[in-house]
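>>> Have a look; sequence and predicted model below, questions after that.
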Amino acid sequence: MALRTALCDRLGCSVPVIQTAMGWIATPDLVVATSEAGAFGFLAGAVMKPSELNAAIGEMRRRTRKPFGVNFHMFQPGAGDIVEIILANREQVRAVSFGRGPDAKMIGRFKDAGILCVPTVGAVKHAKKMVELGVDMVTVQGGEGGGHTGSVPTTILLPQVLDAVKVPVVAAGGFADGRGLAAALAYGAVGIAMGTRFLMTQESPVPDATKARYTGASTDDIEVTDKVDGLPQRMIVNKMLRRIEMSGGLAQWLRAGRAALRMKAQTGASLSELMTMARGMTSHGGLSLAQAMTAATVPSLIQRAVVDGKPDEGLMATGQVAGRLADLPSCADLIQSIVAEAQGRLAALAPLANAEAA
């Protein structure tokens, strides 16, 4: 019973664990496996065209009766259509997640439809802002997290946010097992969110060649860089990352242009739509236009590694926790082990608490 929290009650899962919406990775195969195992999975709608997301949600609904979530952002091509698709599937889409997300009016539309808004934030001020806009929960990602990340570790950021907001808080950044879940609950969080740990599972669609780079990486092989798009990102070091770090401003523009063309071919978005998306990101993220264009097209570089199975020709975002993981369990085995370990840790602490009370 100690593991049944407000996260379970609100999202309709049995274990307070969220599988995050990793681009190109959080596909129906992974989300179904996550949901059936008792956790709560988010589809990576932020890298899908509206038609692709509609098909993915349809597949989810055919394969599982469990509730699930969808991730998106308001600057992606077809964002308006994506919102309508989510709302049309409110019977099973229980939540949406986002970073650069909707305004208060859009959040209100989701809430009116019974869909919870669970943004991911990396700073106290962003958590406060999201709560002011009306979100239902916040996921707090500390600096150990993968992809875009901040400098404040989870052990500092999590209690800061817990003290600052009155909505349920989910802990992310550095979590992979039951010990982490027990620790997060002890802090006062309602659960944990994990990305890299779910990437490193049997049901993850990442090709074996790239999975091998994740399982083989040590903490020394994982670095934070701001050379990709101007914002700090945690990556596994590879040839592509080193090439980007050594390139100058002109190379950044050329790389942004090539990536934009790839993204145009993959998504069907026009160049003007891509430019609009990039300009929207400059106004929210403090990026130059070249940086914003690169940020808007980074998914195509990630796709090269995690979809095409070319780990040295793309980028491999990762949480720091990958440096201590070397296995690829099934989602069912992973969740079962997390529950058992968390219950074991909490049970071990109970006598200490009782002794103090006495």
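Here it is on my side, so go on. Remember, it's a predicted structure, so these values are computed and weren't measured experimentally.
>>> Leaving out sequence neighbours, find the closest residue to Val47.
Leaving aside its chain neighbours, Val47 sits nearest to Gly23 (4.1 Å; criterion: CB to CB, 6 or more residues apart in numbering). No exception for glycine: its C-beta is placed from N, CA and C like everyone else's.
>>> For the one you found, list the residues it contacts.
Gly23 makes contact with Ala44, Ala46, Val47, Pro299, Ile302, Gln303, according to CB atoms under 8 Å, 6 or more residues apart in numbering.
>>> Which residue in the residues you listed has the weakest pLDDT?
In this model, the minimum pLDDT among the contacts of Gly23 belongs to Pro299 (73).
>>> Give me the three-state assignment for that one.
Secondary structure for Pro299, judged by DSSP: H, G, I helix; E, B strand; the rest coil, is helix.
>>> quick one: contacts for it?
By CB under 8 Å, 6+ apart, the residues touching Pro299 are Gly23, Trp24, Ala46, Val47, Met263.
>>> circling back: with distance to Asp163 as extra columns, can I get the contacts of Gly23 in a markdown table?
Below are the contacts of Gly23 laid out as a markdown table (distance: CB to CB, whole Å):
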| residue | distance to Asp163 |
| --- | --- |
| Ala44 | 31 |
| Ala46 | 30 |
| Val47 | 34 |
| Pro299 | 35 |
| Ile302 | 34 |
| Gln303 | 39 |
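>>> which two in those residues are spaced the farthest apart?
Farthest pair in the contacts of Gly23 (CB to CB) is Ala46 and Gln303. Separation: 12.6 Å.
>>> So for those two, which residue has more residues nearby?
Legend: neighbour count by other CB atoms under 10 Å for Ala46 and Gln303, higher for Ala46 (24 against 20).
>>> Touching, Thr149 and Asp226? I think so.
No - using CB atoms under 8 Å as the test, Thr149 is too far from Asp226 to be in contact (10.6 Å).
>>> Find residues that contact each of the two.
Counting by CB under 8 Å, 6+ apart, the contacts common to Thr149 and Asp226 are Pro232, Gln233.
>>> Give me the more crowded residue out of the two.
Taking neighbours as other CB under 10 Å, Thr149 and Asp226 compare with Thr149 leading, 21 against 11.
>>> and that one, how far is that from Pro232?
Per CB to CB, to the nearest Å, Thr149 is found 6 Å from Pro232.
>>> what sits in contact with each of those two?
Counting by CB under 8 Å, 6+ apart, the common neighbours of Thr149 and Pro232 are Val224.
>>> For Leu43, which non-adjacent residue is closest in space?
Excluding its sequence neighbours, the residue lying closest to Leu43 (CB to CB, 6+ apart) is Val70, at 4.9 Å.
>>> My read is that that neighbour contacts Gly45, right?
Yes - using CB under 8 Å, Val70 is in contact with Gly45, at 4.6 Å.
>>> Spit out the residues that contact those two alike.
Listed as contacting both Val70 and Gly45 by CB under 8 Å, 6+ apart are Ala21, Leu53, Ile86.
>>> quick one, helices of the stretch 151-300 of the chain?
With DSSP state H, counting those that start in this stretch as the criterion, the stretch 151-300 of the chain has helices at 154-164, 178-187, 196-199, 208-216, 239-246, 249-267, 271-285, 289-306.
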